[in-house]
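Engineer: fold the following for me, if possible:
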Amino acid sequence: MSPACELCHRLCRVRAEGFCRAPANARVSKVMVHRWEEPPISGSQGSGAVFFSGCNMRCVFCQNYLISQRPVGRDVTEEKLAGIFLELQARGVHNINLVSPTPYIPAVAAGIRRARGMGLAVPVVYNTNAYETAEALRTLRGLVDVYLPDIKYFDDQYAVRYSRAPGYFAAASAAVLEMSAQAPELVLDESGIARKGLIIRHLVMPGLRRDSMRILDWIKENLPDTAVSLMWQYVPAHRVWEYKELARKVTTFEYQSVIDHFFEIGLTKGFMQKRGAATEECVPDF
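Structural biologist: Prediction:
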């Protein structure tokens, strides 16, 4: 019988046969030096990205669908995962960037512990869709230095329609509050690289600018001093052609109206993108 899994909001309670199809061992699809994250993450030397296979959401617009929605990659032991972290560190990256690690939290935690015992010194970044349980995140306390969650939706109708993720905002907001409890203040080193803390991402999507504003309102009310990254990199991909309202890029008006709301409600810490970010050139080759 597969070990029970209660890491995310779905509470499948099975391994390999659950929604994300993730096995007990970590399944890695790609390891690379990533240079297209926020400046405090990528810096001048890049972020050591480890892309995990499988995802507990089914976003119809996913740019990483080749690995997120298919169980591809190689299964690695905690020893091998630790070795991957150390190899990236040896390449001079600013941090270890765990991309979509939610289905593998126990394996990831074990890998970090082992790597730290073998000399891992750079910060660990937890890069997530935030659709996980606060209980699961508590097992990472003291292991993750920087949390990088993407709050995707406020209104559940969009979470269900576009990502098959019922109860998304309730789960994501609780998860982000736990992340903030662990790493509340964004701390940068002398080179402007994140050493610890929280950066909340939000991808502005076609037709959903008012939903974006409601997310910002929640951040202002609950985490007003947290850095927010407003992303203008939506590119129609995967299955958006079945959803005509998503089969286009975000307009200047849509993105700018979200930026204006950010300032109007009194938020001050954040990152913004130029229009050129909405290009497939920034999507890793899987």
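
Engineer: where are the low-confidence patches of the protein?
Structural biologist: The chain contains residues with pLDDT under 70 at 1-3, 15-17, 276-286.

Engineer: can you pull out the strands in it?
Structural biologist: Assigned strands in the chain, in chain order: 26-34, 47-52, 74-76, 96-99, 124-128, 146-149, 187-188, 194-203, 227-231, 270-272 (criterion: DSSP state E).

Engineer: just put the ones you listed in TSV and tack on distance to Ile67.
Structural biologist: Placement of C-beta: from N, CA and C, glycine included. Below are the strands of the chain laid out as TSV (distance: least, Cβ to Cβ, whole Å):
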stretch	distance to Ile67
strand 26-34	4
strand 47-52	6
strand 74-76	12
strand 96-99	9
strand 124-128	14
strand 146-149	18
strand 187-188	31
strand 194-203	18
strand 227-231	20
strand 270-272	25
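
Engineer: tabulate those (a markdown table), appending mean neighbour count.
Structural biologist: Listed next are the strands of the chain as a markdown table, based on neighbours: other Cβ atoms under 10 Å:
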| stretch | mean neighbour count |
| --- | --- |
| strand 26-34 | 20 |
| strand 47-52 | 26 |
| strand 74-76 | 15 |
| strand 96-99 | 26 |
| strand 124-128 | 26 |
| strand 146-149 | 26 |
| strand 187-188 | 15 |
| strand 194-203 | 22 |
| strand 227-231 | 21 |
| strand 270-272 | 17 |
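
Engineer: any idea which of the ones you listed gets closest to Tyr255?
Structural biologist: Minimum separation from Tyr255 across the strands of the chain (Cβ to Cβ) falls at strand 227-231, 7.6 Å.

Engineer: ok, back up a step: the strands of the chain: which one's closest to Asp211?
Structural biologist: Asp211 lies closest, by Cβ to Cβ, to one member of the strands of the chain: strand 194-203, at 9.7 Å.

Engineer: which other helices and strands contact the closest one?
Structural biologist: Using 3 or more Cβ pairs under 8 Å, 6 or more residues apart in numbering; DSSP states H and E, the elements in contact with strand 194-203 are helix 39-42, strand 146-149, helix 168-182, strand 187-188, helix 209-222, strand 227-231.

Engineer: now distance to Lys196 too, for these, in CSV please.
Structural biologist: Output for the helices and strands packed on strand 194-203, formatted as CSV (distance: least, Cβ to Cβ, whole Å):
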stretch, distance to Lys196
helix 39-42, 11
strand 146-149, 6
helix 168-182, 9
strand 187-188, 5
helix 209-222, 19
strand 227-231, 12
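
Engineer: hey, which of these is tucked in deepest?
Structural biologist: strand 146-149 (a mean of 26; mean count of other Cβ atoms under 10 Å).

Engineer: and the contacts of it?
Structural biologist: 37-38, 41, 95, 97, 123-130, 172, 175-176, 179-180, 182-183, 194-201 (Cβ atoms under 8 Å, 6 or more residues apart in numbering).
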